[in-house]
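Novice: okay, predicted coordinates and the sequence, questions at the end:
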Amino acid sequence: MALLRITGLPAAPLDAAAAFHAEWVARIRAALANSTEECLTVVFPPADHSHRGWRLAAVQELAREFAPRRVNAVVCGDGAGLNAALALLEPCQGITGQLLALDGAGVV
């Protein structure tokens, strides 16, 4: 499973969405085009609920674009929660286009 950590997004949801699409979508497409991995997990930094809509829409569209390969995302910092989510997503071939919010222990 490939992992791509998103960094440097603005705090405001509209600005963060614009920055993500301008700076990160091309990187994600390139990572998928140049990889033999079946699944890419995008790791977003924690943010409040106002970011969920644009993040989910972006991940769902990337998953559609690259099907049958899988694209999922998690929202978290580092920790056991991220490792647990990756262990869950790796073998689950039917899970794609999902956005999982995590805390230090797992999915919230």
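Specialist: Yep, it's here.
Novice: how far out from the middle of the chain is stretch 53-63?
Specialist: On the basis of Cα atoms, centre = their mean, to the nearest Å, stretch 53-63 sits 8 Å off its chain's mean C-alpha point.
Novice: select the longest helix from the protein.
Specialist: For the chain, the helix that runs over the most residues, judged by DSSP state H, is helix 52-66.
Novice: just checking, what packs against the next helix-or-strand element following it?
Specialist: Next helix or strand after helix 52-66 toward the C-terminus (DSSP states H and E): strand 70-75. Judged by 3 or more Cβ pairs under 8 Å, 6 or more residues apart in numbering; DSSP states H and E, strand 70-75 is in contact with strand 39-44, helix 52-66, helix 80-89, strand 99-101. The way it works is simple: take the backbone N, C-alpha and C, and place the C-beta from them, glycine included.
Novice: just want the angle from the second one to strand 39-44.
Specialist: Between the axes of helix 52-66 and strand 39-44, defined by axes from the mean of the first three to the mean of the last three Cα atoms, to 10 degrees, the angle is 160 degrees.
Novice: what's helix 52-66 packed up against?
Specialist: The helices and strands touching helix 52-66, judged by 3+ Cβ pairs under 8 Å, 6+ apart, are helix 13-19, helix 25-33, strand 39-44, strand 70-75, strand 99-101.
Novice: point out the most buried one among these.
Specialist: strand 70-75 (a mean of 24; mean count of other Cβ atoms under 10 Å).
Novice: tell me which strands that strand pairs with, and in which orientation.
Specialist: Paired neighbours of strand 70-75 in the sheet (DSSP bridges): strand 39-44 (parallel), strand 99-101 (parallel).
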